[in-house]
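A.B. asks: sequence and predicted model, in that order:
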Amino acid sequence: MKCEVEKRDEQTSVQHAQPQSWRKPWFTTSESEDGYLVEVYVPGVNKSGVEIGFEDDTLDITARRADAKTPEGWKALRREIPHEDYRLRLHLNVPVDGARIQARVEDGVLTLELPKAEEAKPRQISVK
């Protein structure tokens, strides 16, 4: 097997900052009578790499993938798995109960459960 590896110039003392680039992740949304389900595809991201904010009916999701590490005693020959950071901003057009939003990451999928606010739930109106 022949493999060429790019080596970093370790003698350079100045490090150049690279601009942050974000990738929009794939996602799906579903609705039930009680709320909404958002599933966001974030491969390689664990729960410590996820930040979720909710303000003014806007859901901000940032997911950072940790750099792949070479096991101790091994030498990296090639790296094709990209270091990707994800960002998704969803503007919700329905009221949700922000205090009851739940989130979990499992198998590279971030799942958010957004309960509907009481005023957004369907109800029966009695006729007098």
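C.D. replies: All right, it came through fine. Residues are numbered from 1 along each chain as shown.
A.B. asks: quick one: contacts for residue 59?
C.D. replies: 38, 52, 53, 88, 89, 90, 92, 112, 114 (CB atoms under 8 Å, 6 or more residues apart in numbering). Where C-beta positions appear, they are placed from N, C-alpha and C, glycine not excepted.
A.B. asks: if we use 7 Å, what do you get?
C.D. replies: Residue 59 makes contact with 90, 92 under the criterion CB atoms under 7 Å, 6 or more residues apart in numbering.
A.B. asks: let me see the ranges of the strands in this structure.
C.D. replies: In the chain, the strands defined using DSSP state E lie at 27-31, 35-41, 50-55, 58-64, 85-91, 102-106, 109-115.
A.B. asks: elements contacting the second one?
C.D. replies: Read that as strand 35-41. Judged by 3 or more CB pairs under 7 Å, 6 or more residues apart in numbering; DSSP states H and E, strand 35-41 is in contact with strand 27-31, strand 109-115.
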